[in-house]
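Student: Following is a predicted model, sequence given first.
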Amino acid sequence: MSQLGAGGYNPQHFAALDAVEENHFWFRARRKIVGSLVCQITATFPAGYHVLEAGCGNGSLLSTLQSACPGGRVIGMDPLLEGLRHAQRRTDRLLVQGDAEQPPFGVRFALVGLFDVLEHIPDDLAILRAIHQLLIPGGALLMTVPAHMSLWSYFDVASNHCRRYDVGELRRKLQAAGFAVEYVTQFLAALFPVMWASRRWRTLRRRARGEDASPETMVANELSASPLVNAALSTLCSAETPWHRRRLGVPMGTSLLAIARRPAPAHPH
C-alpha cells in the first residue's frame, strides 16, 4: 500500500489532546476496552512482571494499565518530551524518553502496549520487529491502529498518519515481524457510520462554502462534542467490551485491535 502521509508526530498536538482525553468518548471507550483486555492478558503472569507503553504520549492510558496490572511495574516511553511533561501530571509511573528501535532498558517486558502509534511510523514493520525483541518469550503485544483507508480524511492528514489498516494487512505485518497473532478485530463499531458520514459532510460543506479551513482546524472542531452526544457515544462504544473479552470481535469499526505474542520456545521432549 502506498503511504499517504509522511509520518511522525506534531508535538503541538499534545496540549490540544490533553484538554479532551479524560472525558472524550473515543478515549473513554478505548480505555475501558484496553483495560479489560490487559486484565485478562496479565491474569496468569507471576508478580514482578514489567509492562511498557511505547509511545505513551500524554499518558492517558498509563493509569489504566497500572490498575489492570497490580502485580506488575508499568513504564511509559515516548520519544517526545512534550508528551512526557503532560504524562508527569497524570501518573507516578516511571517515564522514559526513548524509542523502541533503540530501547534504553536492561529488562524485557511481559506486555507492551502500542496504542495508535504504528500509523505514524513510515517503517511500521521495523517497529513491530523491535517490539518483538522487547518482549520476553510468551510476552504479549496489545495494540490499536486506525482502520480502513476508505476513512482517510483531513483527520489523518492533520495527525501525520502514514496509513490506516485493514485486518488482513495488520495480521500479515504482525506475522512478518515474528508474532503469533491471537486476536485481531475491528472495534468501535458504533462510531463507524458516524465518522464516515460526519467527515464527508464536513469536507463537502467546506467545499460548498469555499472555506479554506486547515485540517488542524477541522480536527479541533471534531474533538468538540456536546455532553449528550459524548455520553451516548461513550456508552455505545464501551458496550463492545464483553465481545472483545470473549475474543468474538465485531464486524465493523473505525479502529483495529490486536493481541499478538512472541512465541515461547518449544520444550524438547
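Tutor: Yep, that arrived.

Student: what ranges do the strands span in this protein?
Tutor: 49-54, 72-78, 94-97, 109-115, 135-146, 180-187, 255-261 (DSSP state E).

Student: Throw those into TSV and include mean pLDDT, thanks.
Tutor: Below are those laid out as TSV (pLDDT from 0 to 100):
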stretch	mean pLDDT
strand 49-54	98
strand 72-78	97
strand 94-97	96
strand 109-115	98
strand 135-146	98
strand 180-187	98
strand 255-261	98
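
Student: so which of those gets nearest Pro122?
Tutor: Closest approach to Pro122 among the strands of the chain is made by strand 135-146 (14.3 Å; C-beta to C-beta). To be clear about C-beta, it is placed using only N, CA and C from the backbone, and glycine gets the same treatment.

Student: tell me what that closest one is packed against?
Tutor: helix 25-42, strand 109-115, helix 124-134, strand 255-261 (3 or more C-beta pairs under 8 Å, 6 or more residues apart in numbering; DSSP states H and E).

Student: Can you spell out which helices and strands pack onto the second one?
Tutor: Right, the one you point to is strand 109-115. Checking 3+ C-beta pairs under 8 Å, 6+ apart, strand 109-115 ends up next to helix 25-42, strand 49-54, helix 124-134, strand 135-146.

Student: Need the winner for burial among those.
Tutor: Comparing those by mean neighbour count (mean count of other C-beta atoms under 10 Å), strand 49-54 comes out on top with a mean of 24.

Student: residues in contact with it?
Tutor: Under the contact criterion C-beta atoms under 8 Å, 6 or more residues apart in numbering, strand 49-54 has outside partners 42, 61-62, 65, 69, 71-77, 99-100, 105, 107-115, 117, 131, 134.

Student: what's the distance between that strand and the middle of its chain?
Tutor: The chain centre lies 14 Å from the centre of strand 49-54; the measure is C-alpha atoms, centre = their mean, to the nearest Å.

Student: Quick one: low-confidence residue ranges for the stretch 1-150 of the chain.
Tutor: For the stretch 1-150 of the chain, the stretches with pLDDT under 70 are 1-6.

Student: Quick check: the gap between the spatially most central residue of the chain and Ser60.
Tutor: By C-alpha atoms, centre = their mean, the mean C-alpha position of the chain lies nearest to Phe115, the distance being 2.0 Å. According to C-beta to C-beta, to the nearest Å, Phe115 and Ser60 sit 9 Å apart.

Student: hmm, back to that, let me know which of the helices and strands packed on strand 109-115 is the nearest to Tyr183.
Tutor: Here helix 25-42 is closest among the helices and strands packed on strand 109-115 (C-beta to C-beta), at 8.5 Å.

Student: helices and strands around the closest one, which ones?
Tutor: helix 62-68, strand 109-115, strand 135-146, helix 227-238, helix 241-245, strand 255-261.
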